[in-house]
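# need the 3D shape of this:
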Amino acid sequence: MATINTTVNGANGPQAAAFRVDPDKIPAMIAKYEDARQELDRILTTVRRRTSIQPAGHDEVSEAAAQAIKDLIGTAPGGLTQVVTDARKHINNQIEQLKAAQQDYRAADESATPTQM
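Numbers count the residues shown, from 1 in each chain. Presented below is the predicted three-dimensional model:
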């Protein structure tokens, strides 16, 4: 079994964790993570297109609302762009670990020599 390191959200914030995966299941897991990464890319593309938020009117409330929306989708800590970008980095890390584990298992399999009895 391959051990993959990750983080999980706990009561006190992110905490280190790990999970084990059967080497035969690694290709399917990589594909799922790649699908998730692709979806995050679509979200980022959509969010980046929405960065020019104009106030509905020229009053204080409309301008404040437009600014609040910009902040919510922006790159500031906690903003949607920052959160999705961090999630994408995490997924990339998981893919890299899975590919490394897959390569390790292939190398071990190829270097194994049969023994005669």
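# list the residues that contact residue 69.
For residue 69, the contacting residues are residue 53, by C-beta atoms under 8 Å, 6 or more residues apart in numbering. C-beta here means a position set from N, CA and C on the backbone, and glycine is covered the same way.
# the one 10 residues further on too?
Listed by C-beta under 8 Å, 6+ apart, the contact set of residue 79 reads 71, 72, 73.
# what ranges do the helices span in the protein?
Residue ranges of the helices in the chain, as given by DSSP state H, are 26-49, 60-73, 80-111.
# want to throw those helices into CSV with distance to residue 1 and mean pLDDT?
Output for those, formatted as CSV (distance: least, C-beta to C-beta, whole Å; pLDDT from 0 to 100):
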stretch, distance to residue 1, mean pLDDT
helix 26-49, 10, 93
helix 60-73, 40, 90
helix 80-111, 9, 88
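# show me what residue 6 bridges to in the sheet.
Going by DSSP bridges, residue 6 is paired in beta bridges with residue 17.
# that one contacts residue 21, correct?
No - in this structure, residue 6 is not within contact of residue 21 by C-beta atoms under 8 Å, at 11.2 Å.
# pick the one among the contacts of residue 79 closest to residue 60.
residue 71 (16.2 Å; C-beta to C-beta).
# please work out how many residues are found near that closest one.
14 (other C-beta atoms under 10 Å).
# out of the helices of the chain, nearest to residue 13?
helix 80-111 (13.2 Å).
# follow-up on the earlier one: quick one: which of the helices of the chain is nearest residue 14?
Among those, helix 80-111 comes nearest to residue 14, with 9.7 Å by C-beta to C-beta.
# so how far is the closest one from its chain's centroid?
How far helix 80-111 lies from its chain's middle: 10 Å, per C-alpha atoms, centre = their mean, to the nearest Å.
# ok, now stretch 40-48?
Counting by C-alpha atoms, centre = their mean, stretch 40-48 comes out at 13 Å from the chain centroid.
# equivalent analysis for stretch 44-60, please.
In terms of C-alpha atoms, centre = their mean, the centre of stretch 44-60 is set 25 Å apart from its chain centre.
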